[in-house]
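# Give me a 3D structure for the following:
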Amino acid sequence: MLWAAAIARFHRAVINRGFDAYNKAVDSVTSKKGFPFNRVNAGAKLSSLPELQRSRDADLLIIGMELFQYDLQCYQELERMLGQRNDCAHPGMNSPGALDVNQFATKLRVLAFDAVSP
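Numbering: from 1, shown residues only. Predicted coordinates for the structure are as follows:
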């Protein structure tokens, strides 16, 4: 649920900046060479909230470097957190404890809620 709240905040920030700004950020990201920019394709452009809601969180994190002006270190931490979210959302042997959840919530507060204004 914490990840869903963070992504909702990112979505609100995209809407407030406008889809033109988002699409310009996509153009900027896709013109860059190397990892992680090569993971986004030009087809990531959007024109509506439903399209944004169906887009991949991983793409939004990469595009966010351009749109929200956070750096590669912030992106990498958010990507790790998306991986944790995915691991915890699917059955497996991972069983995070209270300390893990606290650390996840603290990092998400700093990286998504404090750093990205809607």
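# avg pLDDT for whichever helix in the chain runs longest?
Secondary structure of the chain per DSSP state H: the longest helix is helix 72-89. The average of the pLDDT scores along helix 72-89 is 92.
# what's the answer for stretch 41-55, then?
Stretch 41-55 comes out at a mean pLDDT of 93.
# can you pull the buried residues of it?
By neighbour count on 16 or more other CB atoms under 10 Å, the buried set for stretch 41-55 is 44-46, 52, 55. Any C-beta I mention is one placed from the backbone N, CA and C, and that applies to glycine too.
# Residues touching it, excluding its own?
11, 14-15, 19, 22-23, 26-27, 30, 59, 63 (CB atoms under 8 Å, 6 or more residues apart in numbering).
# returning to that earlier point: past the longest helix of the chain, which element shows up next along the chain?
Remark: after helix 72-89, the chain's next helix or strand is helix 98-108, criterion DSSP states H and E.
# That next one - contacts with which helices or strands?
helix 2-17, helix 72-89 (3 or more CB pairs under 8 Å, 6 or more residues apart in numbering; DSSP states H and E).
# Can you tell me how far Gly97 is from Glu51?
According to CB to CB, to the nearest Å, Gly97 stands 37 Å off from Glu51.
# Just the C-alphas of stretch 6-18, formatted as PDB.
As requested, the backbone C-alpha atoms of stretch 6-18 are provided in PDB (Å, rounded to 0.1, in the frame of the first residue of the first chain):
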ATOM      1  CA  ALA A   6       3.900   6.900  -3.700                       C
ATOM      2  CA  ILE A   7       2.900   6.100  -7.200                       C
ATOM      3  CA  ALA A   8      -0.300   8.000  -6.800                       C
ATOM      4  CA  ARG A   9       1.800  11.000  -5.700                       C
ATOM      5  CA  PHE A  10       4.000  10.600  -8.800                       C
ATOM      6  CA  HIS A  11       0.900  10.500 -10.900                       C
ATOM      7  CA  ARG A  12      -0.600  13.600  -9.300                       C
ATOM      8  CA  ALA A  13       2.800  15.400 -10.000                       C
ATOM      9  CA  VAL A  14       2.700  14.300 -13.600                       C
ATOM     10  CA  ILE A  15      -0.900  15.600 -14.000                       C
ATOM     11  CA  ASN A  16       0.000  18.900 -12.300                       C
ATOM     12  CA  ARG A  17       3.000  19.400 -14.600                       C
ATOM     13  CA  GLY A  18       1.000  18.300 -17.600                       C
END
